[in-house]
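Engineer: Pasting a predicted model and its sequence here:
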Amino acid sequence: MSRSRKPEWLKMRPPSGERFTEIKQTLRDHDLHTVCEEASCPNMGECWSGADGSAGTATFMLMGDRCSRGCNFCDVQTGGMETLDEDEPENVASAVTEIGLDYVVLTSVDRDDLEDQGAGHFAQTIREIKRRDPETLVEVLIPDFQGEPELVQKIIDAEPDVIAHNIETVERLQWPVRDRRAGYEQSLSVLEQAARESDAYTKTSVMLGVGEYHHEVYQTMRDLRSVGTDIVTFGQYLQPSRSHLEVSDFVHPDVFDTYQQIAEEELDFLYCASGPMVRSSYRAGELFVESVLRGEDAETARQRARGD
């Protein structure tokens, strides 16, 4: 079924517009990478352009554009690791200010080759953004740091507003989909520590269309709520090239709607972004502000989501 013809609901427009061009040029000027570009995200134009007057969402990818792992779904290049750019935290913060973002997403490649797997570099970037403007909301999409609590704690201590880590798929399919250094329980432990030991909201993402069954998706949602995860997103897996994992099936939009309803109404996630073209950082700032900060007092929302 590799490279099957996509259904009509997966058609997308190429990114364009003045805002898109402006952000892309700013990134080039600061020699920065975004996961939007490196992972061939289909929503790049929509997220960067924003909606309803918002500044949009851009996801900066720290520590280079090459990953130490080789997950079968991912379009980011593997190997050939580079020395960390010590100026990157300041360059990212400068770009955030120049673009005018009030909500920024930071993610990274896996850097298992580094002593602290890049946790310190991540934390430094968060602090630099907050130093320039404490009101900037920072979401971090972090690696699992091989499940080492002291490295996750470095992220917590930097005080981001949202801590995200993607569990990617259901338990049964973890290793056909992800690198074997990752794992279901390891990812749950990262999310649990972030929920337990920080004031940040916690978030994760699940890909559909890799061979999962409905009951497995439901169990994954239950497992995520059991460790205190506040926000979940669902999106359709799309095969980046013939050498990547094949698409098992194209999930109908009605199924995505059902998962969103279950997540929000039955399992009390704060919100769930769910749709064929949704990715983990899809309209992250807009949805967070609309669904969390404007919906109710932040602490009340967090307590409700965690069952306090």
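Structural biologist: Looks like it arrived, so ask away.
Engineer: so what's Glu216 closest to, chain neighbours aside?
Structural biologist: Beyond its immediate neighbours in the sequence, the residue positioned closest to Glu216 (CB to CB, 6 or more residues apart in numbering) is Val170, lying 3.9 Å away. Quick note: C-beta positions are derived from backbone N, CA and C, even for glycine.
Engineer: So what's the residue count around Asp85?
Structural biologist: Counted by other CB atoms under 10 Å, the residues lying close to Asp85 total 15.
Engineer: neighbours around Gly79, how many?
Structural biologist: 10.
Engineer: quick one: contacts for Glu90?
Structural biologist: Glu128 (CB atoms under 8 Å, 6 or more residues apart in numbering).
Engineer: Try it again at 10 Å.
Structural biologist: The contact partners of Glu90, taken as CB atoms under 10 Å, 6 or more residues apart in numbering, are His30, Gln124, Thr125, Glu128, Ile129, Arg131, Arg132.
Engineer: Give me the buried positions along the host helix or strand of it.
Structural biologist: Secondary structure assignment for Glu90, by DSSP states H and E: helix 88-99. Of all the residues in helix 88-99, those buried under the rule 16 or more other CB atoms under 10 Å are Glu88, Pro89, Glu90, Asn91, Val92, Ala93, Ser94, Ala95, Val96, Ile99.
Engineer: between those, which is nearest Glu197?
Structural biologist: Closest approach to Glu197 among the buried residues of helix 88-99 (CB to CB): Pro89, at 23.1 Å.
Engineer: Thr125 is in contact with that closest one, correct?
Structural biologist: Yes. Proximity of Pro89 to Thr125 meets the contact threshold set by CB atoms under 10 Å, at 4.0 Å.
Engineer: which residues in the stretch 51-200 of the chain form strands?
Structural biologist: When assigned using DSSP state E, counting those that start in this stretch, the strands of the stretch 51-200 of the chain occupy the ranges 59-62, 66-67, 77-78, 103-108, 137-141, 162-164.
Engineer: Identify the residues contacting the second one?
Structural biologist: This means strand 66-67. Against strand 66-67 from outside (CB under 10 Å, 6+ apart): 33, 38, 61, 74, 76-82, 108-112, 143, 179.
Engineer: From those, list the buried ones, please.
Structural biologist: Restricting these to buried positions leaves 33, 38, 61, 74, 76, 81, 108-112, 143, 179, with burial counted as 16+ other CB under 10 Å.
Engineer: Now render those residues as TSV, adding distance to Gly235 and pLDDT.
Structural biologist: Formatted as TSV, the buried ones among the contacts of strand 66-67 follow (distance: CB to CB, whole Å; pLDDT from 0 to 100):
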residue	distance to Gly235	pLDDT
His33	21	59
Glu38	17	48
Met61	18	87
Cys74	14	90
Val76	17	85
Met81	28	92
Ser108	20	93
Val109	20	93
Asp110	20	96
Arg111	25	96
Asp112	26	97
Pro143	19	97
Asp179	20	95
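Engineer: what's the closest of the residues you listed to Ala195?
Structural biologist: Closest approach between these and Ala195, by CB to CB: Pro143, at 17.3 Å.
Engineer: wait, what's in contact with that closest one?
Structural biologist: For Pro143, the contacting residues are 63, 67-69, 107-112, 117-119, 122, 151-152, 155, 165-166, 181-182, 187, 190, taking CB under 10 Å, 6+ apart as the criterion.
Engineer: Low-confidence stretches in the chain?
Structural biologist: When residues are selected by pLDDT under 70, those of the chain lie in 1-4, 11-28, 30-57, 282-285, 294-308.
Engineer: one step back: need the strands of the stretch 51-200 of the chain in CSV with distance to Pro240, can you?
Structural biologist: Formatted as CSV, the entries for those read as follows, by distance: least, CB to CB, whole Å:
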stretch, distance to Pro240
strand 59-62, 16
strand 66-67, 13
strand 77-78, 11
strand 103-108, 17
strand 137-141, 18
strand 162-164, 21
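Engineer: Relative to Gly147, which of those is closest?
Structural biologist: For the strands of the stretch 51-200 of the chain, the distance to Gly147 is smallest for strand 162-164, at 14.9 Å, taking CB to CB.
Engineer: That closest one packs against which elements?
Structural biologist: Contacts of strand 162-164 with other secondary structure elements, assessed using 3 or more CB pairs under 10 Å, 6 or more residues apart in numbering; DSSP states H and E, are made with strand 103-108, strand 137-141, helix 149-157, helix 184-197, strand 201-208, strand 231-236, helix 284-288.
Engineer: Please point out which parts of that strand sit buried.
Structural biologist: Val162, Ile163, Ala164.
Engineer: Give the partner strands of it in its sheet and their orientations.
Structural biologist: Strand partners for strand 162-164, identified by DSSP bridges, are recorded as strand 137-141 (parallel), strand 201-208 (parallel).
Engineer: Identify all contacting residues around that strand.
Structural biologist: 103, 105-107, 137-142, 152, 155-156, 190-191, 193-195, 198-205, 229-231, 233, 280-281, 284-285, 288, 292.
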